[in-house]
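**Q** make a model of this:
(chains A, B, C and D)
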Number of protein chains: 2
Amino acid sequence: MLLKVGDLAKRCGLTVRTLHHYDSIGLLKPSARSDSGYRLYNRADISRLHQIQALRRFGLSLADIGDILANPGLNLATIVERQIEALDQQIAQSKALRDRLSGLQLQLMRGEEPELADWLTTLEMMTMYDKYFSATDLKRLPLLDIDETSTAGEWAALVQAVHEAMQAGVAPESAEAQELARQWISMLERDTQGDPRLLVKLNAMMVGEPTMQAKTGVTPEVVAYIQRAFIETKLTIYEKYLAADEFSFMRENYGKRADEWPPLIAAIRQHREDSTPPNDSRMQQLARTWLELFRAYAGDDPETHAKIRAANQAEPYLFFGTFIDQPLLAYVFQAMAELRQARLSESCVA
Amino acid sequence: MLLKVGDLAKRCGLTVRTLHHYDSIGLLKPSARSDSGYRLYNRADISRLHQIQALRRFGLSLADIGDILANPGLNLATIVERQIEALDQQIAQSKALRDRLSGLQLQLMRGEEPELADWLTTLEMMTMYDKYFSATDLKRLPLLDIDETSTAGEWAALVQAVHEAMQAGVAPESAEAQELARQWISMLERDTQGDPRLLVKLNAMMVGEPTMQAKTGVTPEVVAYIQRAFIETKLTIYEKYLAADEFSFMRENYGKRADEWPPLIAAIRQHREDSTPPNDSRMQQLARTWLELFRAYAGDDPETHAKIRAANQAEPYLFFGTFIDQPLLAYVFQAMAELRQARLSESCVA
DNA sequence: CTTGACCCTGACGCAACGTCACGCTCTATG
DNA sequence: CATAGAGCGTGACGTTGCGTCAGGGTCAAG
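**A** As a prediction, this is how the structure comes out:
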């Protein structure tokens, strides 16, 4: 019972071309040829083809199938397991994509068919966010919401206002600029849900994506302007608690290393959530950095430090926009206490 | 601000080759070239690239993206919807495959690492089953169970016994053959859960797949032998209820069109489940076929018919293996009643 | 002897790039 | 100023699993 290609193809629901292909790659070579060169398949060939079809239905590649049929020592269970894993991953990916798409579809439904160009701009921004934020981050960031009436619109208006102030030559130390800064920081804290890690990522994105700067209008200059104005709001408070020379030192240095605080606080927050013990070497290092940054604007005089602490206790506003909360502060203080302890015993030994 | 390929690639997380590709297919052509032929991308190009990336993340093909960017009149919502549909389908497929694989894995776990060859044989059979049965059918068919102690083993033993009987020249009319046939039909009814549609598909598969015949040993000859023996079990009963001439006619014709019953009964069962009214033209046709098949072995004498009906009522065994149950019978009788009604009014009109 | 149905081999096409290979350009450094 | 090394350019082939011709032989029927 020898079959020609066409017959075999029909019987197995394949095309002739497919059998040619299997022949050419050596997956299924007919056991015989007629005098005129026709491929002739016998029962063994048919059986092999059935096996090939069976394995194909499991999503295996032709190459893999060839390997399996070549050395029967291979473990089928392992193969199946690998296939399942691959499938699971693929399913998860597709599902994630599906979710994103249906989210997009929802937004498409409620807006009245926006311009394609607008949409593409939004999409662009979404992809940039994706580069910097994880999926869980994104869920918490309301900045991605397309609804004009909400956050996005607020930010656009605020950025616009800042631009105008800068254009008009309004000094960052002015009351007007300070008010803008307060609004800015307040919205920032709200939209990051007070999480310094989101703030850090947001900063990284704004620095790393000139296109983002262009689209949102949040240039490094704007950020610097807001920062100076915001610092001013803090300084005016500290002024009441410090002597003239102490204050002038602080004014000189308060903003210099301001950019280093958020990453530090983000790192500490992470450790706290991971339940890293305060005497862990990494936390100890962070505490040292904290102290260093503190001395960079507070100086080294313990008396000045005490005054600053007093101010901090009396004026809750001083913590506004720092992304520092009480639990975090307590955690840092623990680490610092351990630090002192260690230093003490060290000096005893020495 | 003009970027060279490498710069743009880095900024967007792509490879240079990809940008070359986009250029060559016309998806993103740099707006300028340097004197030395270097590609130079301006802000608009970068923006377009971002849009491309955004659309890519939705799983769109480069060609589709090109179309969308080419005519902004296109409706994004439609595109998104199509993508979602495609994704849903793909996910469903992957899930189905995953289920099959993990089912296979389960079976692999409980057997003690069977030979690859055995496994491939099983897989071959599974794919053949797949060709003839739907996914829901397969769930109901225990024939696929690999466990040797269960159905598969029983069938193998029975087939073996039948082969031996045939080899030994045991007549299908003999008591021994009849007993084999009763067992056979009983297992068949059990494993198809009394569903004639499964029986029909099973028959189709056995007829259509010589490989299956070879592997299971269930050749057309075996089937014919069992059928003759089974018919004999019925005839011995009918003999008691019929006159000699009536019975000889029946013996002559009872098996002749036996193969036409299962498809007929399967079709009727389907209609009953679909709640097709008995006076529907399709059911009327099936009822006519039924009567025709009945007369083919019962003859045309109403008196004989009455005797057969009496036998059927008195001997429940006569329905054994027919895949006919009481609800189905009642449904067919309704259809026949409608048939008579129609014929009556027809003859009145004529 | 022709016709139509099959068969053969060889070669290109697709989708989205990866990976050479060969040669030119730019920039930093000795 | 020469040169090295990084970066750029244009081909061109490989990947996966076949589809789809093109050009030409084979076989059974009329």
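
**Q** and A:Gln178, how many residues sit next to it?
**A** Neighbourhood size, A:Gln178 [other C-beta atoms under 10 Å in any protein chain shown]: 21. From N, CA and C alone the C-beta is placed, and that goes for glycine too.

**Q** got a list of contacts for the helix or strand where it lies?
**A** A:Gln178 is part of helix A:175-191 when elements are defined by DSSP states H and E. The set of residues external to helix A:175-191 that reach it, using C-beta atoms under 8 Å, 6 or more residues apart in numbering or on different chains, is A:141-143, A:151, A:154-155, A:158, A:161-162, A:165, A:170-172, A:199, A:225-230, A:232-233, A:320-321, A:323.

**Q** what do you get for stretch A:53-72?
**A** The set of residues external to stretch A:53-72 that reach it, using C-beta under 8 Å, 6+ apart, is A:12, A:14, A:22, A:25-27, A:48, A:51-52, A:74, A:76, A:79-80, A:83, A:86-87, B:97, B:100-101, B:104, B:115-117, B:120, B:123-124, B:126-127, B:130.

**Q** just checking, what packs against the one helix or strand A:Lys215 maps to?
**A** A:Lys215 is part of helix A:210-216, with elements assigned from DSSP H and E. Under the contact definition 3 or more C-beta pairs under 8 Å, 6 or more residues apart in numbering or on different chains; DSSP states H and E, helix A:210-216 sits against helix A:116-132, helix A:151-167, helix A:196-208, helix B:43-56.

**Q** next helix or strand past it?
**A** Helices and strands here follow DSSP H and E; after helix A:210-216, the next one along the chain is helix A:220-239.

**Q** name the surrounding residues that touch that following helix.
**A** A:159, A:162-163, A:165-166, A:172-174, A:177-178, A:180-182, A:184-185, A:206-207, A:213, A:247, A:250-251, A:254-255, A:258, A:308, A:311, A:315, A:317-318, A:321.

**Q** got the buried residues for the helix or strand just after that helix?
**A** Secondary structure here is assigned by DSSP H and E; on that basis, the next helix or strand after helix A:220-239 toward the C-terminus is helix A:244-253. In terms of neighbour count (16 or more other C-beta atoms under 10 Å in any protein chain shown), helix A:244-253 has its buried residues at A:246-247, A:249-251.

**Q** what does the stretch 51-200 of chain A put close to DNA strand D?
**A** Within the stretch 51-200 of chain A, the residues that sit near DNA strand D (C-beta under 7 Å from any atom of the strand) are A:56, A:61-63.

**Q** quick one, what contacts the closest residue to DNA strand D within the stretch 151-300 of chain A?
**A** The shortest separation between the stretch 151-300 of chain A and DNA strand D is 17.1 Å, found at A:Pro210 (distances taken as C-beta to the nearest atom of the strand). If a contact means C-beta under 8 Å, 6+ apart, then A:Pro210 has B:Met1 as its contacts.

**Q** sorry, back to before: which ChimeraX command selects the buried ones in the contacts of helix A:175-191?
**A** This is the ChimeraX syntax for the buried subset of these, where burial follows 16+ other C-beta under 10 Å:
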select /A:141,143,151,155,158,162,165,170,172,199,225,226,227,228,229,230,232,233,320,321,323
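
**Q** sorry, back to before: now a ChimeraX select for only the buried ones of the contacts of helix A:220-239.
**A** In ChimeraX, selecting the buried portion of these, with burial taken from 16+ other C-beta under 10 Å, looks like this:
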select /A:159,162,163,165,166,172,177,178,180,181,182,184,185,206,213,247,250,251,254,255,258,308,311,318,321
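
**Q** state the pLDDT value of the residue nearest to A:Tyr317 when sequence neighbours are not counted.
**A** Beyond its immediate neighbours in the sequence, the residue positioned closest to A:Tyr317 (C-beta to C-beta, 6 or more residues apart in numbering or on different chains) is A:Ile237, lying 6.5 Å away. Turning to A:Ile237, the model gives it a pLDDT of 91.

**Q** still on that earlier bit, so can I have TSV of the residues of the stretch 51-200 of chain A next to DNA strand D showing secondary structure?
**A** Compiled in TSV, those are given as follows (DSSP: H, G, I helix; E, B strand; the rest coil):
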residue	secondary structure
A:Arg56	helix
A:Ser61	coil
A:Leu62	helix
A:Ala63	helix
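
**Q** now do the SS call for the residue of the stretch 251-350 of chain A found nearest DNA strand C.
**A** Ranked by C-beta to the nearest atom of the strand, the top residue of the stretch 251-350 of chain A for proximity to DNA strand C is A:Asp259, at 27.8 Å. State at A:Asp259, reduced to three classes by three-state DSSP: helix.

**Q** from A:Asp130, how far off is A:Leu40?
**A** 56 Å (C-beta to C-beta, to the nearest Å).

**Q** what of A:Met166?
**A** Between A:Met166 and A:Asp130 the distance, using C-beta to C-beta, works out to 31 Å.

**Q** could you do A:Pro30 as well?
**A** With C-beta to C-beta as the criterion, A:Pro30 and A:Asp130 are 52 Å apart.

**Q** neighbour count for the two, which is higher?
**A** Of the pair A:Pro30 and A:Asp130, A:Pro30 is the one with more neighbours under other C-beta under 10 Å, namely 20 against 17.

**Q** residues touching A:Gln93, list them.
**A** Applying C-beta under 8 Å, 6+ apart as the definition, A:Gln93 turns out to have no contact partners.

**Q** I meant A:Leu264, not that one.
**A** Under the contact definition (C-beta under 8 Å, 6+ apart), the residues listed for A:Leu264 are A:286, A:289-290, A:293.

**Q** now, of the residues you listed, which are buried?
**A** Burial by neighbour count, judged by 16+ other C-beta under 10 Å, picks out A:286, A:289-290, A:293 from the contacts of A:Leu264.

**Q** now, those that are in strands?
**A** The strands in this structure, assigned by DSSP state E, contain none of those.

**Q** can you put the residues you listed in TSV and add pLDDT and distance to A:Met336?
**A** Formatted as TSV, these follow (pLDDT from 0 to 100; distance: C-beta to C-beta, whole Å):
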residue	pLDDT	distance to A:Met336
A:Leu286	92	10
A:Thr289	92	11
A:Trp290	94	8
A:Leu293	91	13
